[in-house]
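Colleague: just the structure for this:
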Amino acid sequence: MQEKERLNQAIDYAIESNYKIHDRAIEIQNALYSHKNVCVFGTGEFFEGCATPEHMRRFEYVGDNNPERWGKLFKGRKCLSPDEIAKMDDIAVLIMIGEWRPVYKQLTDMGIECYPIDWYTMNVYDPHYSNTWFEDRRSQIIDTLNLFEDDMSRQIYVETICNRIAPKLATKIFNELKTPGEYFESDIFSMGDNEYIVDAGAYNGDSIEKFLQSTGGEFGWIYSFELDSSIFKELKKTAEKYDSDKITLINAGVSDVCTEIEYGYIQGEKKHTERITTIDDALRGKKVTFIKMDVETFEIKALKGAKHIITQQKPKLCISAYHYLYDLWEVPQTIKEMIPEYKIYLRHHSPAVWDTDCYAYI
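Modeller: Residues are numbered from 1 along each chain as shown. Presented below is the predicted three-dimensional model:
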């Protein structure tokens, strides 16, 4: 009852505030691009894992509270002390630390304009949903609570929604929700030594390596889908390291149709044509025991494009449920509608808004 009431309150807040949290994220992004100097604060594990060259293009400096790091280069940027940052003209800071609250207070008290990455990335794919949109989905949002198998899933569901539409009602930030073992080593189910996995959104092969580590290199087959042709080249290099004839690489995205789309990974870059397919069409007649899916907003469509394999073979599933706000309820609902016997779980695996995943198995 308490969880449902908090969801109701969060929806009420989104409606009463006209979903102003979405506007805040846009304002922060604009602010970081309007300042002469922009700095990322924090050079630890979060920074090392998430600050890609694409993300670092806009940032001239990094900062840290550790004196041993001051003056050194991190990903090609000089590390500044908080005092050095405070003396700079026209500077804004993006805090890239999981437990960002004490650093936010510290920098704010020093008069430094700063924003936690939680706020910056909160609604990166979502449009500004209307009050009617939230009201029309109220029962759907609340009813999804009943689909989850355990208290942790329900807690993550409520806290994630609150963080994204009504932060004042959240009792935990994303960093406090995270658990290790995304995809293959979660607390939901374990990987066997004869898995036939679909890796949809294989990127550069990092998930292949995670999977092989979790099984000691033993597996039945891997089918890796990657949309972006340039990244697909990196995927091929990763696969070649394992010299296996049981890894099939497919340069295509996954959806509910087979066609071509205009695609650009980096904002502002020239788009190019890439191919998309359905998992059912691409793997017709193939054995599948596990589907991992992180396909940049195409999850619902991709699930529908894998309906035959899912309903016939009932593989274990790990499906990203964070790109759009509504993925949090529509991904578990879509899975449950396909196979009512599936047990549904939710886990969060990062110190920020991304990597909330829906797990399912029988």
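Colleague: lowest-scoring secondary structure element of the chain by mean pLDDT?
Modeller: Across the helices and strands of the chain, mean pLDDT, DSSP states H and E gives its lowest value to helix 53-56, namely a mean of 72.
Colleague: pLDDT averaged over stretch 134-146 - what is it?
Modeller: Stretch 134-146 shows a mean pLDDT of 98.
Colleague: and for stretch 243-254?
Modeller: Stretch 243-254 comes out at a mean pLDDT of 93.
Colleague: which of the residues in it are classified as buried?
Modeller: Ile247, Thr248, Leu249, Ile250, Asn251, Ala252, Gly253, Val254 (16 or more other Cβ atoms under 10 Å). Any C-beta I mention is one placed from the backbone N, CA and C, and that applies to glycine too.
Colleague: same check on stretch 165-183?
Modeller: 165-167, 169-170, 172-175, 177-178, 182-183.
Colleague: Asp228 and Asp355, how far apart?
Modeller: Distance of Asp228 to Asp355, given as Cβ to Cβ, to the nearest Å: 19 Å.
Colleague: equivalent analysis for Glu68, please.
Modeller: Taking Cβ to Cβ, one finds Glu68 at 30 Å from Asp355.
Colleague: between the two, which has more neighbouring residues?
Modeller: Asp355 (18 against 8; other Cβ atoms under 10 Å).
Colleague: with Pro180 as the reference, measure out to the more buried one.
Modeller: 11 Å.
Colleague: most remote residue from this protein's center?
Modeller: What lies farthest from the middle of the chain is Lys87; by Cα atoms, centre = their mean that is 35.2 Å.
Colleague: care to break this structure down by domain?
Modeller: 2-16+129-176, 20-120, 196-361 (automatic domain parsing).
Colleague: dump these to a markdown table, plus distance to Phe189.
Modeller: Listed next are those as a markdown table, based on distance: least, Cβ to Cβ, whole Å:
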| stretch | distance to Phe189 |
| --- | --- |
| domain 2-16+129-176 | 12 |
| domain 20-120 | 25 |
| domain 196-361 | 5 |
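Colleague: give me whichever of those domains is most buried.
Modeller: Counting by mean count of other Cβ atoms under 10 Å, domain 196-361 has the highest mean neighbour count of the domains of the chain, with a mean of 19.
Colleague: ok now that one, how far from the chain's centre?
Modeller: Distance of domain 196-361 from the chain centroid (Cα atoms, centre = their mean, to the nearest Å) equals 13 Å.
Colleague: cool, and stretch 138-155?
Modeller: For stretch 138-155 - counting by Cα atoms, centre = their mean - the centre lies 20 Å from the chain centre.
Colleague: now do the same end-to-end measure for that stretch.
Modeller: Taking Cα to Cα, to the nearest Å, the first and last residues of stretch 138-155 lie 18 Å apart.
Colleague: how far does the least confident helix or strand of the chain sit from its chain's centre?
Modeller: Using Cα atoms, centre = their mean, the offset of helix 53-56 from its chain centre is 17 Å.
Colleague: name the residues that touch stretch 27-40?
Modeller: Stretch 27-40 is contacted from outside by 47, 51, 56, 58-63, 77, 80, 85, 88-94, 96, 113, 115, 119-120, using Cβ atoms under 8 Å, 6 or more residues apart in numbering.
Colleague: Ala189 reaches Arg347, doesn't it?
Modeller: Let me fix one detail, which is that residue 189 is Phe and not Ala. No. Assessed by Cβ atoms under 8 Å, Phe189 is found out of contact with Arg347, at 11.4 Å.
Colleague: where do the contact lists of those two overlap?
Modeller: Tyr359.
Colleague: can you show me the helices along the stretch 201-350 of the chain?
Modeller: 206-215, 229-240, 279-282, 299-304, 307-313, 327-338 (DSSP state H, counting those that start in this stretch).
Colleague: beta partners for the closest residue to Ile188 other than its chain neighbours?
Modeller: What sits nearest to Ile188 in space, not counting adjacent residues and going by Cβ to Cβ, 6 or more residues apart in numbering, is Tyr359, at 4.3 Å. Bridge pairing for Tyr359 (DSSP bridges) gives the partners Cys318, Tyr345.
Colleague: run through the residues that contact the closest residue to Ser130 other than its chain neighbours.
Modeller: Among residues not flanking Ser130 along the chain, Tyr19 sits closest, at 7.8 Å (Cβ to Cβ, 6+ apart). Applying Cβ under 8 Å, 6+ apart to Tyr19 gives the contacts His128, Tyr129, Ser130, Asn131, Phe134, Ile165.
Colleague: mind listing residues that contact stretch 3-11?
Modeller: In contact with stretch 3-11 (Cβ under 8 Å, 6+ apart) are residues 134-135, 138, 141-142, 145, 154-155, 158, 161-162, 165-166, 169.
Colleague: got CSV for the residues you listed, with distance to Asp280 and secondary structure too?
Modeller: CSV is the format used below for those (distance: Cβ to Cβ, whole Å; DSSP: H, G, I helix; E, B strand; the rest coil):
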residue, distance to Asp280, secondary structure
Phe134, 34, helix
Glu135, 36, helix
Arg138, 33, helix
Ile141, 29, helix
Ile142, 32, helix
Leu145, 31, helix
Arg154, 32, helix
Gln155, 34, helix
Val158, 34, helix
Ile161, 31, helix
Cys162, 36, helix
Ile165, 34, helix
Ala166, 39, coil
Leu169, 40, helix
